[in-house]
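**Q** A structural model of the following input is requested.
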Amino acid sequence: MNQLLPLSAKVLGGFFVAALYAFPQAYTISAKPGAVNFFEGNAQLDGQPLTSASLKAVFMNAGSLLETRDGKVEVLLTPGIFLRVGDNSRVRMLKPSLIDTQIAIEGGESMLEVDEYVKDAHLTISMHGGLTQIEKNGLYRFMADGNASVAVIDGKVEVSFGDKRASLGKGHEALLTDALKVKDFDKSQEDELFAWSNIRSQYNASLTYQAAKTAYGSGGGYGNGGYGNGLYNGGYFGGMNGFYGSGWYWSNGFSSWLWMPGGEFFSPFGWGFYGPGYAYYAPVVTVPVAVAGGVGTPVKRPGHPLPVATAMMSVPVNPKHVPGIGVYSASPAQYEVARIQSARLIAASGGLRTASGAHISSSGSTSSGSSSFGSGGSSLASGSSATSRSMGTSSMSSGGASHGGGGSSGGGHSGK
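**A** Prediction:
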């Protein structure tokens, strides 16, 4: 596998710092699901090509059709739920409702990352005559072509096809046929969209972390109202320094939507999303974060859709199940090996810490004390394993360090 090409973290850091200073005054609130947040390669919405200049105002409305050719797209549903659409795929928005979101996978492959599942809200995916109801946080794969299938990499769903029903848990897959056959999911199967989704999840978690710290420090709030999942009264107002609830916000600084949660949540990949008032207690690692390349042109490397550069950024992690840090893993099985290796490296180097140096236990609680993981703490070599490859030539450290990233002149909204 090819190595990611390094780019000067100093240059990227300049963009990132400029974006960071713009945060307190530069937010717009999203009022519905379906925001197109990021794309790379060739994609179009309702027959119109996606462009980097338009994404702030691009939403999938009822009946909208999103199509990719040699490209990928990230769509935001309700807060904490990311839909990622693979190459040569088609997805239609049936109902962009906060409490009853419905989408149809009409072709190709899509993946759903659910980081904040709300029990009283419904998320239904129709595909190949079958219906899938999401029932838990997790990671889900939908394959519409050939032998159409629904796979639960992590989480739980209820699948119906005709008069057949099946409940699927982690590591299971249902084939959408008259028999609705359920089988074990092949975790060793390599999947570009799985790897791309992990890269996006890491980047999104880092943006949320930077925004939450800045917002908490400013004490200003994001204005009146908010997204609030349709289940909160008003979204971000009141509460800690003007923040309450959970929502999507557009940052002019990063040229991207970002998720600001009303607490702490974790992606199935192990990245952490911390809201204002929580971010300063987050266990963080400073790692090379992928910065995507070329708008409107495919960015695939031979065999893999890899970005052209990385930058050092601080990213919160799940202390109970850390992510695979600094590696590109093309399958769930590879990624689990990478997670085990990362946990061992972190433990051997003194454990996780917050940016201020407080120690984080495996249960997620903090304690004071000094260690090599204080601000700018010692590094962990981020080497590649037999199943994963290193993302860049930089090192991994736990604790406070430089906040490079953000990336291109257009920020995180499209492949630059």
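**Q** Start from the N-terminal end of the stretch 201-350 of the chain and give the helices.
**A** Under the criterion DSSP state H, counting those that start in this stretch, helices of the stretch 201-350 of the chain are mapped to 332-348.
**Q** quick one: the strands in it?
**A** When secondary structure is read from DSSP state E, counting those that start in this stretch, the stretch 201-350 of the chain shows strands at 247-251, 256-260, 264-266, 272-274, 284-291, 309-316, 327-329.
**Q** so residue 82 touches residue 110, yeah?
**A** No. Counting by Cβ atoms under 8 Å, residue 110 is not a contact partner of residue 82; they are 10.8 Å apart. Quick note: C-beta positions are derived from backbone N, CA and C, even for glycine.
**Q** Give me the more crowded residue out of these two.
**A** Set residue 82 next to residue 110 and count neighbours by other Cβ atoms under 10 Å: residue 110 wins out with 27 against 22.
**Q** which residues touch that one?
**A** 83-86, 89, 91, 141-142, 144, 193 (Cβ atoms under 8 Å, 6 or more residues apart in numbering).
**Q** which phi and psi does it have?
**A** With angles defined as degrees, to the nearest 10, residue 110 sits at phi -140, psi 150.
**Q** Kindly state the beta-bridge partners for it.
**A** Residue 110 forms beta bridges with residue 85, residue 142, as assigned by DSSP bridges.
**Q** Other residues contacting stretch 156-169?
**A** 129-136, 138, 140, 150, 152, 155, 170, 174, 176-180, 182.
**Q** Show the buried residues in these.
**A** The neighbour-count test (16 or more other Cβ atoms under 10 Å) applied to the contacts of stretch 156-169 identifies 130-132, 134-135, 138, 140, 150, 152, 155, 174, 176-177, 180, 182 as buried.
**Q** Can you pick out the most distant pair from these?
**A** Farthest pair in the buried ones among the contacts of stretch 156-169 (Cβ to Cβ) is 138 and 177. Separation: 23.3 Å.
**Q** quick one: contacts of the one helix or strand residue 132 maps to?
**A** Following DSSP states H and E, one finds residue 132 within strand 130-134. Residues outside strand 130-134 that contact it (Cβ under 8 Å, 6+ apart) are 112, 114, 117, 122-126, 140, 142, 148, 150, 155, 157-161, 174, 176, 180.
**Q** Let's see which of those end up in strands.
**A** When the contacts of strand 130-134 are checked against strands (DSSP state E), the matches are 112, 114, 122-126, 140, 142, 150, 157-161, 174.
**Q** which two in these are spaced the farthest apart?
**A** 114 and 161 (21.4 Å).
**Q** distance of residue 122 from residue 133?
**A** 7 Å (Cβ to Cβ, to the nearest Å).
**Q** show me what contacts residue 315?
**A** Counting by Cβ under 8 Å, 6+ apart, residue 315 has contacts 202, 205-206, 209, 271-272, 284-287, 289.
**Q** Report the beta-bridge partners for it.
**A** Judged by DSSP bridges, the bridge partners of residue 315 are residue 285.
**Q** do residue 48 as well
**A** Under the criterion used (DSSP bridges), residue 48 bridges to residue 45.
**Q** Tally up the residues packed near it, please.
**A** Look at residue 48: counted by other Cβ under 10 Å, it has 9 neighbours.
**Q** Could you check how far it is from residue 42?
**A** Taking Cβ to Cβ, one finds residue 48 at 12 Å from residue 42.
**Q** same check, this time on residue 198
**A** Separation of residue 198 from residue 42 (Cβ to Cβ): 22 Å.
**Q** Over to residue 53?
**A** Taken as Cβ to Cβ, the span from residue 53 to residue 42 is 16 Å.
**Q** these two touch, right, residue 248 and residue 259?
**A** Yes. If you go by Cβ under 8 Å, residue 248 and residue 259 touch, sitting 6.0 Å apart.
**Q** Comparing these two, which residue is more hemmed in?
**A** Ranked by neighbour count (other Cβ under 10 Å), residue 248 and residue 259 place residue 259 first, with 27 against 23.
**Q** contacting residues for that one?
**A** By Cβ under 8 Å, 6+ apart, the contact list for residue 259 reads 76, 79-80, 115, 204, 208, 246-248, 273.
**Q** picking that back up, which residues are in contact with each of residue 248 and residue 259?
**A** By Cβ under 8 Å, 6+ apart, residue 248 and residue 259 have these common neighbours: 76, 79.
**Q** which residues does the closest residue to residue 89 other than its chain neighbours contact?
**A** Leaving aside its sequence neighbours, residue 89 sits nearest to residue 108 (Cβ to Cβ, 6 or more residues apart in numbering; 2.6 Å). Contact analysis of residue 108 by Cβ under 8 Å, 6+ apart lists 68, 85-90, 144-145.
**Q** Looking at stretch 185-193 now, give me its mean pLDDT.
**A** For stretch 185-193, mean pLDDT is 96.
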